[in-house]
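Chemist: Quick one: sequence and predicted model below, then my questions.
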Amino acid sequence: MKNKLLRWSMLLVGIFFINLATVLAQAGPTGTFSGTVTDPQGSSVAGATVTIKNANTNQSRTTTTSGEGRYVFTVLPVGTYEATFEQQGFGKLVYPDIKIEAAVPRTIDVELTIGETSAVVEITDTAPLLTPESVTTSRQITGEEITRVPTSTRSFTQLTAATAGVSAELSPVAINGNGNVSPSVNGTRTTATSLYFNGIDATNITSNEGSLTDNIAPAPETLQEVKLQTSLYDASTGRSGGGNFQLVTRQGGNRVTGNVYYYGQNKRFTANEFFIENEGLEKPAATRNEYGFTLGGPIIKDKFFAFGGYQRTNARTGFVPTARSNTTLPYALTFLTGERTAANVAEAFNRARDEYRVTAAGG
């Protein structure tokens, strides 16, 4: 009896994890791949076999072309794929490096050549894939860019400032714990952005706004790509008047991969601010230490994979929040003792300014 209950329990647990994996795969960031297959005369090739295989996991999908020679693959997880085109009486055609990006429809039209199916033609240098179905203005930042382009806080948000229509205040040090900056897209407020993490809406739910300074900041080593859509995005991703961020994390594959890293920043490596140096003051504290690791690989080869990472950040700056700086009432108005006339308000602000004026080192 106990063995029977154990078998049923294991079966239910297995069904649960299979369904969970299916749901997570569907919820993750995906793209589409489509096009047409023709012969040398330009006629449609119906019934051609098209196979697309993920280079990282070896998982593949197969379809056949329609009567008009069309094929389409939907809900493809982000990554690099190999596409193979086959039909009786034609040579096999292989595209080994097809990049599938989040929320981007990829299109490639193929012309088969007459010959034996044993003859394989591999296309290693092709024109950029077309996206005629999409009019979205966007920029893709690869994981290699995120980890190799130097920034003061190693946050992907700093790289978005180089995107057309985007402006952001870049700080030489991290002024908040996660190191993010909040960009303004096409003149909108910095809170008018939306953020999707692996296909899941991760916009700040506590305040229902997209200020990235208060949102998630994944370690650069865990990101596969970041896509910033700035205009004309479709209803599946557009919920805000500003930009739309699509964050895609790396995935486990058949190979065991990982890394260990450390990033250090302190005032010995930074230049002094002009006005502080002009007053003869030492550089303010600006310390940031980040260390962590990533690890990914197969649990069941070609079927089940895992990837994860850990990062710890210790940051300290010369800015220390106080009750005075956090008050909702302008500090200068605490000097106002009489009526709120223009002259009295001006005098109060002058007194507050004199109090903050730097006169000597340590003053």
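Modeler: Alright, I've got the coordinates.
Chemist: Under the pLDDT cut-off, which ranges of this structure? List them.
Modeler: Low-confidence segments of the chain, defined by pLDDT under 70, span residues 1-28, 117-119, 125-135, 170-178, 204-215, 236-239, 317-336, 352-363.
Chemist: can you give me the helices in it?
Modeler: With DSSP state H as the criterion, the chain has helices at 2-27, 143-148, 156-159, 274-278, 323-326, 342-356.
Chemist: Would you mark the buried spots in the second one?
Modeler: Neighbour-count burial for helix 143-148, with 16 or more other C-beta atoms under 10 Å as criterion, is recorded at 143, 146. Any C-beta I mention is one placed from the backbone N, CA and C, and that applies to glycine too.
Chemist: Spell out the residue ranges of the strands in the stretch 51-200 of the chain.
Modeler: Listed in chain order, the strands found in the stretch 51-200 of the chain under DSSP state E, counting those that start in this stretch are 60-64, 70-77, 79-86, 92-100, 105-107, 110-111, 120-122, 137-142, 166-167, 184-185, 194-197, 200-201.
Chemist: How about residue 297: what's its closest non-neighbour residue?
Modeler: residue 256 (3.6 Å; C-beta to C-beta, 6 or more residues apart in numbering).
Chemist: Check the contact between that neighbour and residue 296; I expect there is one.
Modeler: Yes: judged on C-beta atoms under 8 Å, residue 256 makes contact with residue 296 at a distance of 7.3 Å.
Chemist: Deepest-packed of the strands of the stretch 51-200 of the chain, please.
Modeler: With neighbours defined as mean count of other C-beta atoms under 10 Å, the strands of the stretch 51-200 of the chain peak in mean count at strand 184-185, which reaches a mean of 22.
Chemist: returning to what we had before: and the strands of the stretch 51-200 of the chain: which comes nearest residue 234?
Modeler: When the strands of the stretch 51-200 of the chain are compared for distance to residue 234 using C-beta to C-beta, the nearest one is strand 105-107, at 10.2 Å.
Chemist: How far away from the center of its chain is the closest one?
Modeler: Distance of strand 105-107 from the chain centroid (C-alpha atoms, centre = their mean, to the nearest Å) equals 20 Å.
Chemist: Neighbours of residue 102, how many?
Modeler: A count of neighbours around residue 102, defined by other C-beta atoms under 10 Å, yields 24.
Chemist: Domain map for this protein?
Modeler: As assigned by automatic domain parsing, the chain contains the domains 2-122, 137-317, 324-356.
Chemist: quick one on the thing from earlier: look at residue 256 and residue 296 and report which has more neighbours.
Modeler: Using other C-beta under 10 Å, the more surrounded residue of residue 256 and residue 296 is residue 296, with 20 against 10.
Chemist: OK, contacts around the more buried one?
Modeler: Contacts for residue 296 (C-beta atoms under 8 Å, 6 or more residues apart in numbering) come out as 250, 251, 252, 253, 256, 257, 258, 305, 306, 307, 308.
Chemist: Mind picking the one among these that's closest to residue 276?
Modeler: Using C-beta to C-beta, the shortest approach to residue 276 within the contacts of residue 296 belongs to residue 250, at 40.3 Å.
Chemist: was I right about that closest one contacting residue 219?
Modeler: No: between residue 250 and residue 219 no contact is recorded; they are 10.4 Å apart, counting by C-beta under 8 Å.
Chemist: between these two, what contacts are shared?
Modeler: Taking C-beta under 8 Å, 6+ apart as the contact definition, residue 250 and residue 219 share the neighbouring residues residue 294.
Chemist: Show the contacting residues for residue 167.
Modeler: With contacts defined as C-beta under 8 Å, 6+ apart, the neighbours of residue 167 are 161, 183, 184.
Chemist: Residue 142: which of those is nearest?
Modeler: If you rank the contacts of residue 167 by distance to residue 142 using C-beta to C-beta, residue 161 comes first, at 16.7 Å.
Chemist: and the spatially closest residue to that closest one that is not a sequence neighbour, how far is that from residue 196?
Modeler: Residue nearest to residue 161 in three dimensions, not counting chain neighbours: residue 168, with 4.3 Å by C-beta to C-beta, 6+ apart. The spacing between residue 168 and residue 196, counted by C-beta to C-beta, to the nearest Å, is 19 Å.
Chemist: ok, now residue 272?
Modeler: Here residue 272 is placed at a distance of 40 Å from residue 196 (C-beta to C-beta).
Chemist: Identify the residues contacting residue 183.
Modeler: Under the contact definition (C-beta under 8 Å, 6+ apart), the residues listed for residue 183 are 157, 160, 161, 163, 166, 167, 168, 190, 193, 212, 243.
Chemist: any idea how far it is from residue 298?
Modeler: From residue 183 over to residue 298 (counting by C-beta to C-beta), the distance is 38 Å.
Chemist: Pick out whichever of the contacts of residue 183 sits closest to residue 337.
Modeler: Ranked by distance to residue 337 (C-beta to C-beta), the contacts of residue 183 are led by residue 190 at 37.1 Å.
Chemist: Surely the closest one and residue 166 touch.
Modeler: No: with contact taken as C-beta under 8 Å, residue 190 and residue 166 are classed as non-touching, separated by 10.6 Å.
Chemist: who touches both of these two?
Modeler: 183, 184.
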